[in-house]
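Colleague: Only the shape, not the letters, is given here:
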């Protein structure tokens, strides 16, 4: 009798798994989105992007170090390349950034397309080419900013220029918001948001940099590339941990100095990483990708209530996957005394924390302090941004992005994504709900790793779909 009961339980268990997998279906394609494409001369457009890359718009924490002549060169080049946009759109310079307004038939549901034109500095000696020469080589345009994010800015402006030449008028106002100090967490974007808020403008849709088109094609498992569309950003916090001890001459040290005690605390904290959790963004990502996998994969993916622990364990082997599943922390800086023979009265360490949805800054601080288990340890946040709210990956704007991906990137599936880094669009959370983070750029073959590193470059074949992705977006707003 017990054997029959066990058998029945097993049958029911696998039946539930199978039913959940069977229910996992590809979302229906929206039918109210109009197709639109511009005729693109790839060679000509590549040279236009190259002209923008040749402007050395490197931003610094200390803005007095910025080369204003290069920033002005960029703005002048933009005006020369896109005269129709400058003629037909209203332009304001706000805190060094650019805010264009393309007047629509209605101001009720305005949209914002974003990018930034500042770039991080380079170590030119480690590049294979001059990082600001915009060299075309091996099927790529090389240069700082091609991916982050002059490429997206270029795509937006090319699309707007091409469409406005046809006397097109959008259904709603469209704002093009381009920041000048995103790379150093400057105030440009926040000032633009403040300006819009003061005018009572509440965007119905915001699209900024974020995920990209990644090569995820695995034969027999997932036969597609993935367009990772950010629907939320992790929070970002710097916490300084301090341990006090005896100061004095190093020739007469105590058994444990403040530096030694802090080192012990750091090891304890690193041995107690934040827990792996299946947050709402992960659930939505799985929901989008699972229908495109074989049934046996769907059996696992669509039953995370059962297989979640196994998935989390597997993801621990990948630092990128682990970062999606947990709040992460990294010790980045240490301070002791000013002299090599002086005992530090205080030893300090900075831990950089990236907060997953569901975690607050204070909760993370409490977790770190508890993990150290040191009553002499204090913690203070020197910089703190909470995680952004999660945008719902359904509805007309998600469908529009998904449709534009499908039109311009063959064999690619769109999936919600959690942004691990920060973008200027987080400031728009104060006045907007539908905020998406996606750069329509193919980052296969390790290209993603060139951002903020050496040999950043974009595929020439990406130029046409980059422009037409934004053209379809603008045409349907």
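Modeller: Arrived safely. Please read these numbers as outputs of a predicted model, since none were measured by experiment.

Colleague: Strands along the stretch 101-250 of the chain, start to end?
Modeller: Along the stretch 101-250 of the chain, counting by DSSP state E, counting those that start in this stretch, strands occupy 106-116, 136-137, 140-142, 172-179, 205-214, 225-233, 235-244, 248-249.

Colleague: and the last one, what other elements does it pack with?
Modeller: With contacts defined as 3 or more C-beta pairs under 8 Å, 6 or more residues apart in numbering; DSSP states H and E, the secondary structure elements packing on strand 248-249 are strand 342-343. C-beta here means a position set from N, CA and C on the backbone, and glycine is covered the same way.

Colleague: Can you lay out the strands of the stretch 101-250 of the chain as a markdown table showing mean pLDDT and mean neighbour count?
Modeller: Formatted as a markdown table, the strands of the stretch 101-250 of the chain follow (pLDDT from 0 to 100; neighbours: other C-beta atoms under 10 Å):
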| stretch | mean pLDDT | mean neighbour count |
| --- | --- | --- |
| strand 106-116 | 97 | 21 |
| strand 136-137 | 96 | 14 |
| strand 140-142 | 98 | 22 |
| strand 172-179 | 98 | 24 |
| strand 205-214 | 96 | 25 |
| strand 225-233 | 95 | 25 |
| strand 235-244 | 96 | 20 |
| strand 248-249 | 82 | 11 |
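
Colleague: closest one to residue 82 among those strands?
Modeller: strand 172-179 (10.2 Å; C-beta to C-beta).

Colleague: The closest one: partners in the sheet, and parallel or antiparallel?
Modeller: Pairing partners of strand 172-179, with direction, according to DSSP bridges: strand 97-102 (antiparallel), strand 106-116 (parallel).

Colleague: Turn those into a markdown table, columns for distance to residue 374.
Modeller: Compiled in a markdown table, these are given as follows (distance: least, C-beta to C-beta, whole Å):
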| stretch | distance to residue 374 |
| --- | --- |
| strand 97-102 | 44 |
| strand 106-116 | 41 |
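
Colleague: Residue 422 is nearest to which of those strands?
Modeller: Evaluated over the strands paired with strand 172-179, closeness to residue 422 peaks at strand 106-116, with 11.7 Å, by C-beta to C-beta.

Colleague: which other residues reach the closest one?
Modeller: With C-beta atoms under 8 Å, 6 or more residues apart in numbering as the test, strand 106-116 has contacts from 97, 104, 149-150, 152-153, 156, 171-183, 188-189, 201-209, 423-425, 428, 432, 470, 473-474, 477.

Colleague: from the middle of its chain, how far away would that strand be?
Modeller: The offset between the C-alpha centroid of strand 106-116 and the centroid of the whole chain comes to 19 Å, using C-alpha atoms, centre = their mean, to the nearest Å.

Colleague: Next: stretch 157-177.
Modeller: On C-alpha atoms, centre = their mean, the centre of stretch 157-177 falls 25 Å from that of its chain.

Colleague: Buried ones in that stretch, by neighbour count?
Modeller: For stretch 157-177, the buried set under the neighbour-count rule, 16 or more other C-beta atoms under 10 Å, comprises 157-164, 170, 172-177.

Colleague: Quick one: end-to-end distance for that stretch.
Modeller: Using C-alpha to C-alpha, to the nearest Å, the end-to-end distance of stretch 157-177 comes out at 11 Å.

Colleague: which residues are contacting stretch 370-384?
Modeller: Applying C-beta under 8 Å, 6+ apart, the external contacts of stretch 370-384 come out as 235-244, 261-262, 264-265, 268-269, 271-272, 350, 361, 365, 368-369.

Colleague: Go again with 6 Å.
Modeller: Counting contacts by C-beta atoms under 6 Å, 6 or more residues apart in numbering, the residues outside stretch 370-384 that touch it are 237-243, 265, 268-269, 272, 361, 365, 369.

Colleague: I'd like the residues you listed written out as CSV, with distance to residue 335 added.
Modeller: Output for these, formatted as CSV (distance: C-beta to C-beta, whole Å):
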residue, distance to residue 335
237, 18
238, 13
239, 14
240, 9
241, 11
242, 9
243, 11
265, 14
268, 19
269, 17
272, 23
361, 22
365, 19
369, 19
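
Colleague: Between the strands paired with strand 172-179, which one is closest to residue 215.
Modeller: With C-beta to C-beta as the measure, strand 106-116 is the member of those nearest residue 215 (23.3 Å).

Colleague: For this structure, which helix or strand comes out least confident on mean pLDDT?
Modeller: helix 2-23 (a mean of 56; mean pLDDT, DSSP states H and E).

Colleague: Low-confidence bits of the stretch 1-150 of the chain, can you list those?
Modeller: For the stretch 1-150 of the chain, applying pLDDT under 70 flags the ranges 1, 3-31.

Colleague: So what's the residue count around the closest residue to residue 271 other than its chain neighbours?
Modeller: Once its chain neighbours are removed from consideration, residue 271 has its nearest residue in residue 371; the separation is 7.9 Å (C-beta to C-beta, 6 or more residues apart in numbering). Residues within reach of residue 371, counting by other C-beta atoms under 10 Å, total 17.
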